[in-house]
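J.: Have a look; sequence and predicted model below, questions after that.
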Amino acid sequence: MHWQTILGCLTLAGILGCASAGSCAEAKLCCPGRDSACVVQKTSPNAIIQVLTDKPCYCDHACLKLGDCCHDFKDACGVLDCVVSGWGPWSVCDSECGPGAQSRSRMVERAAENGGKHCPQLVQHRGCQGTKCHHRNPKSALKEVALLLPAELSGVRHINDSNDIRTNLRLRYRNDPEHDVSKEYCVTFTVTKATKACYKEASLSGFTEGSRVCVKCQTQALRRVLDWRCEGDGGTEAMITRWSMLSSPHCHGKWLRTKKTGPNCDTSQCQPQPHFIFV
C-alpha cells in the first residue's frame, strides 16, 4: 500500500477507521441528520483523486439527498423507504347532478425509518359530473323564462355542420342526447299576455293574447342540467310561464303550455313548420 494511503489511514483510525472499499459497515459509521465528519476516506485526504470512485463517501442521512452515500449505507444503517399500497377505487361522485368531485386513497404499508424516503401523496382528487338528474323538482320550470327566436333562424345553427371538429364530436357522442335528433320536440302554447312591442313587428303580429304558437326544441338548445329539455318549455301541461323574444327585446309576456309532441312536431299549430325556436 502506498505510504501516503497508510499514513492517511493511521491518522484517521481513531475517528473513522480505514475502509478502502467505502463501506459504512467496515467503518462502523451511521450518523443521524447531516454530519460532515461521518465520512469514509477511500484514499489519503492529501492524495490527488484520479477517478470519481476515489472520492470520499458519507454515512449520514444527508447523503441520501446529496447523492454521496457509501454503497452499503442503506443496508448497514437500516434505512427503510416508505412503502405504500396501490390506489384504491375512485369514490362515488359527490354530486348526483352536475359538477362534483371524487377521491381515491392508498395505505402506508411501511413507514420510513432512519432517514428513508417519506411517504408520497396518499389521497388524490379529481372532478366528475353527476348524471342522476331525473329527480329535478318540476316546479323549478315555472321560474324559467323561455328565450325565443323566429324559426327562420334555425338554419344558422347548422352553418358549421360540415366542420370536421363538430362532425367528429357528433360521431363520437352519437348516443348523447345533445347530438341525438330524435330527442328534439315541439311545444304549443296559448299566449296569455304580450307587450305592445310585439304588435309593432310584422313577424310577431301573430303573437297576441289568445293566439297559439308552436315552439321547437332543437338539440343545440337541450340542457343537460334540465334532464335534456329546453329551458322555459313550461315543464308540464297547463302551466303558465314567461317568454321573451330575443330578436325584439321589448316583446315579452306569459303563456299557457298546451301540448308537447315529438321531433316531427305533428300538430295542426306546428304545420307547415314551428313559429319559433328555443335558444
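T.: That came in fine, so what should we check first? Residues are numbered from 1 along each chain as shown.
J.: can you give me the strands in the stretch 101-250 of the chain?
T.: For the stretch 101-250 of the chain, the strands defined by DSSP state E, counting those that start in this stretch occupy 108-110, 123-131, 145-150, 185-194, 212-217, 222-223, 229-230, 240-245.
J.: quick one, which of the ones you listed is packed in tightest?
T.: Mean neighbour count (mean count of other CB atoms under 10 Å) peaks for strand 229-230 among those, with a mean of 24. Bear in mind the C-beta positions are built from the backbone N, C-alpha and C, glycine included.
J.: Where does pLDDT dip in the protein?
T.: Along the chain, the model assigns pLDDT under 70 to residues 1-21, 45-52, 133-139, 155-178.
J.: tell me the centre residue of it?
T.: With distances taken as CA atoms, centre = their mean, the residue of the chain nearest its centroid is Gly127 (3.9 Å).
J.: Please verify my assumption that that residue contacts Ala101.
T.: Yes - contact criterion CB atoms under 8 Å: Gly127 and Ala101 qualify, at 6.0 Å.
J.: contacting residues around the residue nearest to the centre of the chain?
T.: By CB atoms under 8 Å, 6 or more residues apart in numbering, Gly127 lies in contact with 99-101.
J.: and Cys97, how far is that from Ser140?
T.: Separation of Cys97 from Ser140 (CB to CB, to the nearest Å): 12 Å.
J.: picking that back up, in terms of distance to Cys186, which of the contacts of Gly127 ranks first?
T.: Within those, proximity to Cys186 (CB to CB) peaks at Pro99, which comes in at 30.7 Å.
J.: Now for that closest one: which residues touch it?
T.: Counting by CB under 8 Å, 6+ apart, Pro99 touches 127-130.
J.: Repeat that for Cys93.
T.: Counting by CB under 8 Å, 6+ apart, Cys93 makes contact with 100-102, 128-130.
J.: cool, Lys254 as well?
T.: Listed by CB under 8 Å, 6+ apart, the contact set of Lys254 reads 191-193, 240-243.
J.: can you rerun that using 7 Å?
T.: Lys254 sits next to 192-193, 240-242 when contact means CB atoms under 7 Å, 6 or more residues apart in numbering.
J.: what's the answer for Ser23, then?
T.: For Ser23, the contact set (CB under 7 Å, 6+ apart) comprises 40, 70, 72.
J.: Could you measure from Gly206 over to Pro150?
T.: Per CB to CB, Gly206 is found 11 Å from Pro150.
J.: how much space between the residue nearest to Val84 when sequence neighbours are not counted and Glu231?
T.: Among residues not flanking Val84 along the chain, Arg106 sits closest, at 5.1 Å (CB to CB, 6 or more residues apart in numbering). If you measure Arg106 against Glu231 using CB to CB, the figure is 43 Å.
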